[in-house]
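Engineer: give me a 3D structure for the following:
(one chain, ligands or ions: 1)
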Amino acid sequence: MTERKTKPATHRTGNDSGRSQSPPAAANPLRQIPSVEETLNRPAIRALAAKVGRKFVADRVRQVLAALRDQIQRADIPSGELDAHINLSVGAAVERELAFSLRPVINATGVILHTNLGRAPLARESLDHLIEIATQYSNLEFDIAGGRRGERDVHVSRHLQDLLGAPGIAVNNNAAAVLITLNTLAEGGEVVVSRGELIEIGGSFRIPDIMRKSGAVLREVGTTNRTRISDYEAAINENTKLLLRVHPSNFRIVGFTERPTLEEMVALSKKTGIPVYEDLGSGCLVPSRLLGSLDEAPVADSLSAGVNVVSFSGDKLLGGPQAGLIAGKKDLVARIRRNPLFRVLRADKMTYAVLETTLQTYRQEQFERIPAWRMIQMTTAEIEGRALRLMEACALPEGGPMRLELVNGESVIGGGSAPGQTIPTRLIALRHRKSSASAITGRLLAQNPPVVARAESDRVLVDLRTVLPEQDPLVVEAIRALSRKDRN
Ligand SMILES: *Cc1c(COP(=O)(O)O)cnc(C)c1O
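Structural biologist: Below is the predicted model of the structure:
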């Protein structure tokens, strides 16, 4: 058989022993181990193989029998019936191997756009269009009216035109957008950028590195905390191709600072004929009136101020799928679109499907349908109400080792949006008499689904702002599991 050929070593003991011709089994306990073939022919294992694949189950059987052999050689004979032991072990191994690596977690950190936790969660309804497009053929690059080849851009460009009053295109993420924009508009030339904007976003996205890869030369001006428009002007020479402005994501310089206004940069651009490109990072498409105290400039403001090109992420404040959106003056966007890098950095049909749904939601001004915006807008009263109900549902025993308490705290937007700004929230603080806060966060992570919470000195903080309301019962379950373990 194939197993015999490919892995003879695994087989020798089992196959050669043949349980049917057994008698002296007791003499050598290894002889009790069935062969891979024999095991695969058992009804329970056969049923499993029919469900998940024979080769997949055969591999698990081989592992289980090898482990069993080792165990027996260590004279550690499994208690109970060997056949039942093998069936159970194979079943468990199949389950373990089939468990997805990428799986849901509960975000109780209060960081709304948490890059490590997948940034913006999507609305379930935005997936209807995704499923429809992903599971069938589509007009991704086909012009139905003309019956000929089309361009994938059209599926988002009409929405961007409507929302921003400027044409736009999509690539894989905003890092890609920065690369292709710099490469198109400034390869072989200089890009003037303020020293205060030479940022690193994390995940090794650093403006100077991307600049080098784009083939453009960085021309830093000003100082870390103060850069004036005259600094940009003084740096311009015949090699200057672009003025770059970068959203200072992830950090904020406070105190004695100065940065030219967009208007000043646009005026300098008009005077010199050198375009301005603004990397906005987050990309806020809600009208400023809805931003409340959040200090995040809407994308449309940059374009209406006269910035030639902007780019921003799809999965930060926009609350959509991972993507990079580029919008601006028609001729410049068309040049970026013609860059061969567009083919390298293009987004796939699933991204277009979700982007289209997300952008349409913005056109309908139904921002509350975007989960990230719902979280941003959630009031402390709402969060407090949920927290109190959740604490009650936990029904922890009076005088037990674990105590829950409602405290004031702060949520953050994350993803480099509105750096340094926080949204007031109510937190559930968990204290345990016998376990440290980091031990408790570890045990919350061991739950299924894992609950990601923040340890702070002697307590663990749970922020329900970032927990989807339908997940509240799962948080109750996780907390109750901790207290149950205490009693045993
Ligand atoms: C987040 C960010 C990027 C990178 O965007 P991704 O979509 O994560 O690739 C680039 N520039 C700025 C200013 C950012 O905040």
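
Engineer: list the buried residues in the strand ranked longest in the chain.
Structural biologist: What stands out as the longest strand in the chain, according to DSSP state E, is strand 417-432. By 16 or more other Cβ atoms under 10 Å, the buried positions in strand 417-432 come out as 417-419, 423, 425-430, 432. In short, each C-beta sits where N, CA and C put it, glycine included.

Engineer: want to throw these into TSV with pLDDT?
Structural biologist: Converted to TSV, the buried residues of strand 417-432 look like this (pLDDT from 0 to 100):
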residue	pLDDT
417	70
418	69
419	70
423	93
425	97
426	98
427	98
428	98
429	98
430	96
432	91
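
Engineer: between the residues you listed, which sits nearest the ligand?
Structural biologist: residue 417 (7.5 Å; Cβ to the nearest ligand atom).

Engineer: bridged to the closest one, which residues?
Structural biologist: residue 414 (DSSP bridges).

Engineer: hey, where'd the helices end up in the stretch 351-488 of the chain?
Structural biologist: Secondary structure of the stretch 351-488 of the chain (DSSP state H, counting those that start in this stretch): helices at 371-377, 380-394, 437-445, 472-487.

Engineer: pick the most deeply packed of the ones you listed.
Structural biologist: Comparing the helices of the stretch 351-488 of the chain by mean neighbour count (mean count of other Cβ atoms under 10 Å), helix 371-377 comes out on top with a mean of 21.

Engineer: got a list of contacts for it?
Structural biologist: 112-113, 120-123, 286, 294, 317, 319, 367-368, 411, 413, 423, 465-466, 468 (Cβ atoms under 8 Å, 6 or more residues apart in numbering).

Engineer: off-centre distance for it?
Structural biologist: Helix 371-377 sits 16 Å away from the centroid of its parent chain (Cα atoms, centre = their mean, to the nearest Å).

Engineer: what mean pLDDT does that helix get?
Structural biologist: When pLDDT is averaged over helix 371-377, the result is 94.

Engineer: about what we covered before: alpha carbons of the longest strand of the chain, in CSV - could you do that?
Structural biologist: Coordinates of each C-alpha in strand 417-432 appear next as CSV, following Å, rounded to 0.1, in the frame of the first residue of the first chain:
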residue,chain,number,x,y,z
SER,A,417,-6.2,58.1,14.1
ALA,A,418,-6.7,61.0,16.3
PRO,A,419,-3.5,60.3,18.2
GLY,A,420,-3.4,61.3,21.8
GLN,A,421,-7.2,61.7,22.0
THR,A,422,-9.4,59.5,24.1
ILE,A,423,-13.1,58.9,24.4
PRO,A,424,-14.5,58.6,28.0
THR,A,425,-15.8,55.1,28.8
ARG,A,426,-16.9,52.8,31.7
LEU,A,427,-14.7,49.8,32.4
ILE,A,428,-15.3,46.6,34.2
ALA,A,429,-12.4,46.2,36.6
LEU,A,430,-11.7,42.5,37.6
ARG,A,431,-9.7,41.9,40.8
HIS,A,432,-8.7,38.5,42.1
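
Engineer: show me the beta-bridge partners of whatever residue of the stretch 251-400 of the chain ends up closest to the ligand.
Structural biologist: Per Cβ to the nearest ligand atom, residue 281 is where the stretch 251-400 of the chain lies closest to the ligand, at 2.5 Å. For residue 281, the beta-bridge partners are residue 312 (DSSP bridges).

Engineer: I'd guessed it sits against residue 416; true?
Structural biologist: Yes - here residue 281 reaches residue 416: they are 5.1 Å apart, a contact under Cβ atoms under 8 Å.

Engineer: which parts of the protein sit against the ligand?
Structural biologist: Contact residues (Cβ under 6 Å from any ligand atom) of the chain with the ligand: 173-175, 178, 201, 205, 246-247, 249, 279, 281-282, 313, 324, 416.
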